[in-house]
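My questions are about this predicted structure, shown below with the sequence.
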Amino acid sequence: MQAALFYGLSIVAIMCACGVVVSRNPIHSVLFLILTFFSISGHYILMNAQFIALVNIIVYAGAIMVLFLFVVMLLNLNKESEPHKSDLVKIIAATSAGLFSLVLVGVLKGATLPAYEGMMDSENGLVKNLGRVLFQEFLLPFELSSILFLSAMVGAVLLGKKNVQA
Amino acid sequence: MLTLSNRKKVMEQEKLSFSEKLYLPVIAKGLLITIKHLFKRKATIKYPEQTREFAKVYRGHHVLKRDEQGRENCTACGLCAVACPAEAITIVAAERKPGEEHLYREEKYAASYDINMLRCIFCGLCEEACPKDAIYLTDRIVETEYEREDFIYGKDKLVEKIDQRIDVSKRKIKSEFYQPIKN
Amino acid sequence: MGGFLLSKTILIVIIFVITLVIAMYSTILERKFAAWLQDRIGPNRTGPGGILQPLADGVKMFMKEEIIPANAHKFLFIMGPMLAMTTALMASVVIPWGKSLKIGDFVMDLQVADLNIGILYVFGVVSIGVYGIMIGGWASNNKFSLLGALRASSQMISYELAMSLSLVAVIMSTGTLSMGEIAAQQSGWHWNVFTQPLSFIIFIICAFAETNRTPFDLPECETELIGGYHTEYSSMGLGFYLFAEYINMFISSAVMATIFFGGYNMPFLDQLGLAPNVEALIGTAFFFGKIAFFILFFMWVRWTIPRFRYDQLMNLGWKVMIPLALVNILITGSVLILRDHFNF
């Protein structure tokens, strides 16, 4: 049952991820990306990491992708306005991407994954345990990242504000 | 600043008071007002079962009256057509032949009397202009039609049937606001 | 296992049917209520007192011609209303409809899934609820639809933030994310609305914005946008969108009743000494009473106050609701710490 779900979700995720890259219409790309997020959330749930699964949906699928969709819809991209790239650029892009994937495959093939040593606790992903870990073991990095977010927010507000003096 | 009429008033948007800025008290006030209407008597008249009472001065479908002996009152004098502000009335006059005395009251009568109901504004001036008590506006509703031609009412629709007299006594009672023009 | 599956299936079907029926009857209730508030009597011709009106409306919707605009994106155009409907229906899974029933040895929970992250699940469903509107609006290939969709999505994203922040305070004071547990904690008179009134006010305002209802119904503001995101829709597509709105209203009423007004808990019910099953059913009925009240409240507000201007809406969301929610969190946190400290 679990394996079937895993394979099903993986196939959906990979197909959708390919769809993001392949589809010509940017709106389709965004929608495929959303589907990818959903299948990844499904994976999280399979790992009993409900919190991450839902936060993934709320934050990525529910907020960030909406903004993406927003922008793409307003851009009104279509085939006519698509910038035509020269063949040289295409060839260069294809080669570099191919090389990169080659490197990735090589690295992953050579790597030996260390076996997970701790007890695989199915309760790990639940909110209670996650919160405990975040606020005890990893308190400093957690708070630091929140400061990072805060500064990013302040920066965004500043950038978004009209320049009063000029 | 001096203005021509000296009546210029500079309006200033009033600042909202604190409770208004909170929105909620004002919204609550509005909610109270609307909920009060829940318990009020409903103004609806359920039409086919109930009908709205016509106003006493309702002016609808015209009627061309006959006298007690069933003779048409109209003498085709044309005063109604002249009075009509919408120019809705067209009359063709004819002379009464001997032997038609039971049909028409006087020597002259209207061979045809058309009112274009699309033009008519139901002002009632024809009724006021009529010296012979012939035309009245009644509280009947002008029916809907599908063709424009059907709205031109001829004598067949206007003259009252002998056996179906139409009561116009309501129109004959002049209201207290009515002041006939005297000269 | 078989019994479990069977009971869940029955429950899901029942909830599904109830949701649809309530949404259906909300439409007639809305019209009736509007009429009453305006000194009219409302639709009263179909069936006694007009109770068959929703069926007539449904039949009409089905019979209408389905028009897909020539330049619309066909697939997404059809997907839009489907998504809107699906996401609207999904949230009902985590709502505890009542205490568990005992039938012989078998215990039947009146909650489809008591996720231990129930509230987050609600947020998740709400946050993807935007897509139905957005996709439909964009696929129509009509500027009014697009503008309506943009308004809807930016409004929903903005108010989602304040909504979740307002609930954070509740989560802090209850100490759980599970809807079932939140409902169970509020037995008797321990309703959360008394401990978290500010949170409730913020939540209900955001619920109005999330369901796109007056005073925040700018996405379908007729005077500016014709019909908003569903301008191009006809037949059942339109029906689904309108239906989704009512389902959303029902679900958010249910969420509000669960989180703030004690869910299925009825004060003094346990003192009557009734059989547990009867008690559970009365509780459920009481819960639906609360939901009905909130639905009526939604309508009551709709026929009372006019629409906000768009900048007012955004100001309210970002400059009032979110700071208030943050302050609320701060207050709740300090009270909790003080309580721990002084043990009261």
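Received the coordinates, thanks.

Have a look at the chain and report its longest helix.
Unless you meant another one, I'm taking chain A. The longest helix of chain A (DSSP state H) is helix A:87-110.

The intended chain is chain C.
Identified as the longest helix of chain C according to DSSP H is helix C:2-37.

And the strands in chain C?
Counting by DSSP state E, chain C has strands at residues C:101-103, C:106-108.

Name the nearest residue to the residue in the stretch 1-150 of chain C that chain A sits nearest to, sequence neighbours excluded.
Scanning the stretch 1-150 of chain C for the residue nearest chain A gives C:Ser127, at 2.6 Å (criterion: Cβ to the nearest Cβ). Heads up, the C-betas are built off the backbone N, CA and C, glycines and all. Spatial nearest neighbour of C:Ser127, chain neighbours left out: A:Gly62 (2.6 Å); criterion: Cβ to Cβ, 6 or more residues apart in numbering or on different chains.

Residues of the stretch 201-344 of chain C that sit close to chain B?
Proximity of the stretch 201-344 of chain C to chain B (Cβ under 8 Å from any Cβ of the partner chain) is limited to residues C:201, C:300-301, C:303-305.

and those, which two are the farthest apart?
Longest distance between any two of these is 20.4 Å, between C:Ile201 and C:Trp303; criterion Cβ to Cβ.

buried set for stretch C:297-307?
Counting neighbours by 16 or more other Cβ atoms under 10 Å in any protein chain shown, one finds that the buried residues in stretch C:297-307 are C:298-305, C:307.

which among those residues gets closest to chain B?
For the buried residues of stretch C:297-307, the nearest to chain B is C:Thr304 (4.5 Å; Cβ to the nearest Cβ).

neighbouring contacts of stretch C:298-313?
For stretch C:298-313, contacts defined as Cβ atoms under 8 Å, 6 or more residues apart in numbering or on different chains pick out B:27, B:30-31, B:33-35, C:29-30, C:33-34, C:37-38, C:151, C:155, C:208-209, C:211, C:213-218, C:221, C:249, C:253, C:316.

Now do that stretch, average pLDDT.
Across stretch C:298-313, the average pLDDT comes to 86.

Can I get that stretch in PDB, CA atoms only?
These are the backbone C-alpha positions of stretch C:298-313, laid out as PDB (Å, rounded to 0.1, in the frame of the first residue of the first chain):
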ATOM      1  CA  PHE C 298     -23.100  36.400   7.400                       C
ATOM      2  CA  MET C 299     -26.300  37.200   5.600                       C
ATOM      3  CA  TRP C 300     -27.400  39.800   8.100                       C
ATOM      4  CA  VAL C 301     -24.100  41.600   7.700                       C
ATOM      5  CA  ARG C 302     -24.400  41.300   3.900                       C
ATOM      6  CA  TRP C 303     -27.700  43.100   3.800                       C
ATOM      7  CA  THR C 304     -26.600  45.800   6.200                       C
ATOM      8  CA  ILE C 305     -23.200  47.300   5.300                       C
ATOM      9  CA  PRO C 306     -22.000  48.400   2.000                       C
ATOM     10  CA  ARG C 307     -18.800  47.200   0.300                       C
ATOM     11  CA  PHE C 308     -15.400  48.500   1.300                       C
ATOM     12  CA  ARG C 309     -13.200  50.300  -1.200                       C
ATOM     13  CA  TYR C 310     -10.300  48.200  -2.300                       C
ATOM     14  CA  ASP C 311      -7.600  50.300  -0.700                       C
ATOM     15  CA  GLN C 312      -9.600  50.300   2.500                       C
ATOM     16  CA  LEU C 313      -9.800  46.600   2.400                       C
END
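
mind listing the helices in chain B by residue range?
Remark: helices assigned in chain B by DSSP H are B:18-21, B:24-38, B:79-83, B:125-129, B:155-158, B:169-172.

Give me the buried stretch members for the fifth one, please.
For helix B:155-158, the neighbour count (16+ other Cβ under 10 Å) marks B:157-158 as buried.

cool, the longest one as well?
Going by neighbour count (16+ other Cβ under 10 Å), the buried part of helix B:24-38 is B:31, B:34.

Check the residue most central in space within chain B and give its pLDDT.
Closest residue to the average C-alpha location of chain B: B:Arg59 at 3.1 Å, with Cα atoms, centre = their mean. B:Arg59 is assigned 87 on the pLDDT scale.

how about it, what does it touch?
Contact analysis of B:Arg59 by Cβ under 8 Å, 6+ apart lists B:122-124, B:137.

Now with 10 Å, please.
B:120-124, B:127, B:136-139, B:171 (Cβ atoms under 10 Å, 6 or more residues apart in numbering or on different chains).

cool, and B:Lys108?
B:Lys108 touches B:74-77, B:93-96, counting by Cβ under 10 Å, 6+ apart.

repeat for B:Gly60
By Cβ under 10 Å, 6+ apart, the contact list for B:Gly60 reads B:54, B:122, B:137-142.

Of all the residues in stretch C:110-122, which ones are buried?
For stretch C:110-122, burial by neighbour count (16+ other Cβ under 10 Å) applies to C:110-112, C:114-122.

From these, which land in helices?
Judged by DSSP H, the subset of the buried residues of stretch C:110-122 located in helices is C:118-122.

ok, stretch C:78-92 near chain A or not?
Yes: counting by Cβ under 10 Å from any Cβ of the partner chain, chain A is contacted by stretch C:78-92 at C:Met79.

Can I get that stretch in PDB, CA atoms only?
Extracted in PDB, the C-alpha atoms of stretch C:78-92 (Å, rounded to 0.1, in the frame of the first residue of the first chain):
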ATOM      1  CA  ILE C  78     -13.700  23.800 -16.700                       C
ATOM      2  CA  MET C  79     -11.200  23.200 -14.000                       C
ATOM      3  CA  GLY C  80     -11.900  26.500 -12.200                       C
ATOM      4  CA  PRO C  81     -15.400  25.800 -10.800                       C
ATOM      5  CA  MET C  82     -14.400  22.200 -10.100                       C
ATOM      6  CA  LEU C  83     -11.500  23.300  -8.000                       C
ATOM      7  CA  ALA C  84     -13.500  25.900  -6.200                       C
ATOM      8  CA  MET C  85     -16.100  23.300  -5.300                       C
ATOM      9  CA  THR C  86     -13.600  20.700  -4.300                       C
ATOM     10  CA  THR C  87     -11.600  22.900  -2.000                       C
ATOM     11  CA  ALA C  88     -14.800  24.200  -0.500                       C
ATOM     12  CA  LEU C  89     -15.900  20.700   0.400                       C
ATOM     13  CA  MET C  90     -12.500  19.500   1.600                       C
ATOM     14  CA  ALA C  91     -12.400  21.400   4.900                       C
ATOM     15  CA  SER C  92     -15.400  19.600   6.400                       C
END
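
Strands of chain B, start to end?
Taking DSSP E, the strands of chain B run over residues B:62-64, B:89-95, B:108-116, B:135-137, B:152-153.

Can you say which of those strands is nearest to B:Ile45?
When these are compared by Cβ to Cβ, strand B:135-137 sits nearest B:Ile45, at 23.1 Å.

Would you mark the buried spots in the closest one?
Buried, per 16+ other Cβ under 10 Å, within strand B:135-137: B:135-137.
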